[in-house]
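Asks: missing the sequence, but the structure's below:
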């Protein structure tokens, strides 16, 4: 991976993560941000939602129109949410309803960068055949209801997914970067998040190089009968 493209992508993710964190946790800041959306983004949102179906998209359309007419208030946002709360299910707050207004302009760029980074690390660590890459998660969140993290994980391919596995984990959250070994079972991370200024691709690669054996020897406890013997041999280092 080229260092310049890495630094540009890292800057985008950390700045966006800080913005998302601030707006999700302060509705007054969220309102001011919405009221100052660039006109081209606003018109794109209106066109996107005017013919969409569903309660959530209907609210987004009304919010976009209110922004254009300069009539959006905090009370209106909260009223939209409360009036339709039963229809929103996993949309847990005002931000989750209109998070697309904040992330849509560069969500595709962030997803492409994370995918490129994950694949580059997998190749440079020489673990392509032994590992999988999790679903890349952007600030859309895992269920498309808005999230505060953008992340991916590399994990042993014998696991069904990363939820049961030790992971080489990368995340952007609230202006910081985490690259660590994450043990999902114990919810422990080997490193704390750090400021992005001095983070390079080589830093991450070197760190993961030291920790990759942890995921390579991390096999699921319960396997199909045909795989149990192989798994035991691998765990004992006798199946090389």
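Replies: Looks like it came in fine. Here the structure is a predicted model, which means the values were calculated and not measured.

Asks: I'd like to know which elements the helix or strand hosting residue 177 is packed against.
Replies: Assessed by DSSP states H and E, residue 177 sits inside strand 176-183. Packing partners of strand 176-183 (3 or more CB pairs under 8 Å, 6 or more residues apart in numbering; DSSP states H and E): helix 3-24, strand 166-173, strand 188-189, helix 201-216. For glycine as for every other residue, the C-beta is placed from the backbone atoms N, C-alpha and C.

Asks: So the residue nearest the centre of the chain, which state does it fall into?
Replies: Computing the C-alpha centroid of the chain and ranking residues by CA atoms, centre = their mean puts residue 150 first, at 2.5 Å. Following DSSP: H, G, I helix; E, B strand; the rest coil, residue 150 is assigned to strand.

Asks: how near is it to residue 188?
Replies: Computed as CB to CB, to the nearest Å, the residue 150 to residue 188 distance reads 21 Å.

Asks: now do residue 182
Replies: Distance from residue 182 to residue 188, by CB to CB: 7 Å.

Asks: just residue 214 next, same as before
Replies: Distance check for residue 214 against residue 188: by CB to CB, it reads 12 Å.

Asks: quick revisit: neighbour count winner among residue 182 and residue 188?
Replies: residue 182 (25 against 11; other CB atoms under 10 Å).

Asks: Now that one: closest residue in space, sequence neighbours ignored.
Replies: The shortest distance from residue 182 to any non-neighbouring residue, by CB to CB, 6 or more residues apart in numbering, is to residue 169 (3.9 Å).
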